[in-house]
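Novice: The following comprises the amino acid sequence and a computationally predicted model.
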Amino acid sequence: MFKKILVANRGEIAVRVIRACRELGILSVAVFSDVDRAALHVLMADEAHSIGSAVATESYLNISKILEVAKRCGADAIHPGYGFLSENAKFAQACAGARIKFIGPCAASMEMMGSKTRARQEMEKAGVPFVPGTSRALESVQQAKDAAAKIGYPVMLKAAAGGGGKGMRLVHNAQALQPALEAAQSEAQRAFGDGEVYLEKAILNPRHIEMQVLADEHGNTVYLGERECSIQRRHQKVLEEAPSPLVDAGMRRRMGEVAVRVAKAANYCNAGTVEFLVDAEKNFYFLEMNTRLQVEHPVTELITGLDLVHLQIRIAAGEKLPFRQEDVVIRGHAIECRIYAEDADDNFFPSPGKIETLLTPAGPGIRLDSGVYAGWTVPIDYDPLLAKLIGYGQDRQQAIARLARALPEYFVAGIKTNLGLFRRILAENEFQSGKIDTGYLERLLKVEIGADADKKRTANIAAIAAAVFAVLESTSKTAGNGTASNQEGATGPATSSWKKAARTEGLM
Ligand code: MV4
């Protein structure tokens, strides 16, 4: 087993990996940029090293700096977390060259999945169902028109180097194809330095469901069930759950077996995720494979009872998977809320700054994977994910109830967060009945804008009324006519929200 692991990341995922190291008796090494000197992962690791300025390319994306620290401190492995260098084939290659084990797949698997057209070609060979379309670069408008006519409109233009929606265009008819193709190609060129674009049949209002896989270095590959990730906003996931309310045991087995076939075709090793689009008829299509541990891995951990980071480390150390497919049992239901430092009233714009007060939820069925503490200043330089609040229950209803109970226990002062959004989602009808697709959140936010403004106006009126009553009350008290006790009942909820605001203010 490794003696020392360098964690090439920051925030909650660095903390998550450091915790796994400690549980396994492995020393952990943190790296940090100038603005992360006092970050939680730095405080928690066994040792920590500065790697440069706040600009990620100078620090968390700086391959030679990170390898230099790893060599200097005698780390025998590197865990990349997610984002940053986690899917960088050059980094995996450089680690191998420095005889430091990269905890993840080999560079060749990453490269195969890094190009969407290349991945589609390989999946076609392996007999994996994927969205109908082309699997090579579009060379001309005429070629695109011919392909689109063959598969039928609407079609989706996608960047081969993409993922996450960049360089993607929905096209409804032949006239719209040329400008969309040109726009997609130049956007892809700017974003990825690679203008290659291909075409797929568009699946309207799909669900996004992904399958967790795990492969050791001895040829054993298993699937650990799916995650429902349809609740997103602008290609950023907001809430994920496992299992998916849509997937039954038969569909899970079929999807899982396809995911294992994908992993084997990629000669895949360690933890990975196979993404599917699912249409209204429950047909599922391979979309892409993420060659890293994902943000939402905790929901899979809770329903399988497995520790994915422990398993990643043990696999990287050359151990065999300690169980077989038939030993994997899915039990209960888990839902994750991604808590971001962002302003829901300002288009979910990032809201960095100092956390003045932090009260965190706990209790039955609640897990909190957090990377922050009271007094810490959330820097503007990185992804604004603060923490993940995960609710677990024997079924979906209990998971929802526990989360709904825990959310009001969560109190963050000093910065804005999206905590309020989750109360709305969890209380909403369609969500409660599991009717969610990738358009769900945009629809919810659209209808709620008007209703929300009304609610705010009502709340403001109530607060002003309460203030007037409070002033009148204190005046009448000084006047000594003793009517204060009557006022309490008369003002009702306005008084209680006023009192709550006063208590909240007392905390700051
Ligand atoms: C699609 C699609 C419909 N049809 N492909 C968006 C991100 C990228 N990874 C793939 N995406 C999509 N690809 C076809 N052929 C719809 C989306 C999509 C989406 C996918 C997953 C989660 C959220 C999404 C939101 C909008 C569009």
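Specialist: In hand now; what should we look at?
Novice: And residue 287, how close does it get to the ligand?
Specialist: 6 Å (Cβ to the nearest ligand atom, to the nearest Å). (C-beta placed from N, C-alpha, C; glycine too.)
Novice: three-state assignment of the residue in the stretch 401-508 of the chain that the ligand sits nearest to?
Specialist: Proximity of the stretch 401-508 of the chain to the ligand (Cβ to the nearest ligand atom) peaks at residue 438, 3.7 Å away. Of the three states, residue 438 takes coil under DSSP: H, G, I helix; E, B strand; the rest coil.
Novice: Phi first, then psi, for the residue nearest to it when sequence neighbours are not counted.
Specialist: Leaving aside its sequence neighbours, residue 438 sits nearest to residue 230 (Cβ to Cβ, 6 or more residues apart in numbering; 5.1 Å). Backbone dihedrals for residue 230, given as degrees, to the nearest 10, come out at phi -70, psi -20.
Novice: Torsion angles phi and psi at residue 34?
Specialist: Dihedral angles phi and psi of residue 34 (degrees, to the nearest 10) take the values phi -50, psi -40.
Novice: what about it, neighbour count?
Specialist: As a burial measure, residue 34 scores 15 neighbours (other Cβ atoms under 10 Å).
Novice: In this structure residue 296 contacts residue 239, no?
Specialist: No - Residue 296 lies out of contact with residue 239 (Cβ atoms under 8 Å); the separation is 9.2 Å.
Novice: intersection of neighbour lists for these two?
Specialist: residue 336 (Cβ atoms under 8 Å, 6 or more residues apart in numbering).
Novice: hmm, back to that, quick one: contacts for the residue of the stretch 401-508 of the chain closest to the ligand?
Specialist: Each residue near residue 438 by Cβ under 8 Å, 6+ apart is listed here: 205-208, 230, 232.
Novice: try 10 Å this time
Specialist: Taking Cβ atoms under 10 Å, 6 or more residues apart in numbering, we find residue 438 in contact with 203-208, 229-232, 235, 277-278.
Novice: For it, give its distance to residue 191.
Specialist: Distance check for residue 438 against residue 191: by Cβ to Cβ, to the nearest Å, it reads 21 Å.
Novice: One more: residue 12?
Specialist: In terms of Cβ to Cβ, residue 12 sits 26 Å off from residue 191.
Novice: Equivalent analysis for residue 301, please.
Specialist: 33 Å.
Novice: So between these two, which is more surrounded?
Specialist: Between residue 301 and residue 191, counted using other Cβ under 10 Å, the more crowded position is residue 301 (21 against 15).
Novice: Any figure for the gap between that one and residue 224?
Specialist: 9 Å.
Novice: shared neighbours of the two, which are they?
Specialist: Shared contacts of residue 301 and residue 224 (Cβ under 10 Å, 6+ apart): 212, 242, 308, 311.
Novice: Next, the first one: secondary structure please.
Specialist: Just to be clear, that refers to residue 212. Applying three-state DSSP: residue 212 is strand.
Novice: Excluding sequence neighbours, find me the nearest residue to the residue nearest in space to the middle of the chain.
Specialist: In the chain, the residue lying closest to the centroid (Cα atoms, centre = their mean) is residue 295, at 4.3 Å. Once flanking residues are discounted, residue 295 sits nearest to residue 82: 5.8 Å by Cβ to Cβ, 6+ apart.
Novice: Burial check on the one you found, number of neighbours?
Specialist: The number of residues packed around residue 82, counting by other Cβ under 10 Å, is 18.
Novice: and what of residue 4?
Specialist: Under the criterion other Cβ under 10 Å, the count of neighbours that residue 4 has is 17.
Novice: these two touch, right, residue 167 and residue 193?
Specialist: No - judged on Cβ atoms under 10 Å, residue 167 makes no contact with residue 193 at a distance of 11.7 Å.
Novice: More neighbours: which of the two?
Specialist: residue 167 (26 against 8).
Novice: hang on, that one in a helix?
Specialist: No - with three-state DSSP as the criterion, residue 167 is located in coil rather than a helix.
Novice: Next up, the contacts around residue 154.
Specialist: The neighbours of residue 154, taking Cβ under 10 Å, 6+ apart as the test, are 148, 170-173, 176, 201-204.
Novice: Among the contacts of residue 438, the buried ones, what's the ChimeraX command?
Specialist: Of the contacts of residue 438, the buried ones go into a single ChimeraX selection, burial set by 16 or more other Cβ atoms under 10 Å:
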select :203,206,207,208,229,230,231,232,277,278
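Novice: Give me the three-state assignment for residue 217.
Specialist: Assigned by three-state DSSP, the conformation of residue 217 is coil.
Novice: State the distance from it to the ligand.
Specialist: From residue 217 to the ligand the distance is 29 Å (Cβ to the nearest ligand atom).
Novice: coming back round to it: make CSV from the contacts of residue 154 and add pLDDT to it.
Specialist: Output for the contacts of residue 154, formatted as CSV (pLDDT from 0 to 100):
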residue, pLDDT
148, 96
170, 97
171, 97
172, 97
173, 96
176, 96
201, 97
202, 97
203, 97
204, 94
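Novice: Any of these buried? List them.
Specialist: 148, 171, 201-203.
Novice: Near the ligand, which residues of the stretch 251-400 of the chain are found?
Specialist: When proximity is defined as Cβ under 6 Å from any ligand atom, the stretch 251-400 of the chain approaches the ligand at 277, 287.
Novice: all strands of the stretch 251-400 of the chain, in order?
Specialist: Using DSSP state E, counting those that start in this stretch, the strands of the stretch 251-400 of the chain run over residues 270-278, 284-290, 333-340, 342-343, 349-350, 353-354, 357-359, 366-370, 377-378, 385-393.
Novice: Quick check: which of the ones you listed is nearest to residue 444?
Specialist: In terms of Cβ to Cβ, the element of these nearest to residue 444 is strand 333-340, at 14.5 Å.
Novice: Keeping just the C-alphas, turn the closest one into CSV.
Specialist: Extracted in CSV, the C-alpha atoms of strand 333-340 (Å, rounded to 0.1, in the frame of the first residue of the first chain):
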residue,chain,number,x,y,z
HIS,A,333,-32.1,6.2,-1.6
ALA,A,334,-29.7,9.2,-1.5
ILE,A,335,-30.0,12.7,-2.8
GLU,A,336,-27.2,15.3,-3.0
CYS,A,337,-27.6,19.1,-3.0
ARG,A,338,-24.6,21.0,-4.3
ILE,A,339,-24.3,24.1,-2.1
TYR,A,340,-22.7,26.9,-4.2
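Novice: any chance of the buried ones among the contacts of residue 154 in CSV, with distance to residue 267 and secondary structure too?
Specialist: Output for these, formatted as CSV (distance: Cβ to Cβ, whole Å; DSSP: H, G, I helix; E, B strand; the rest coil):
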residue, distance to residue 267, secondary structure
148, 33, helix
171, 35, strand
201, 29, strand
202, 31, coil
203, 29, coil
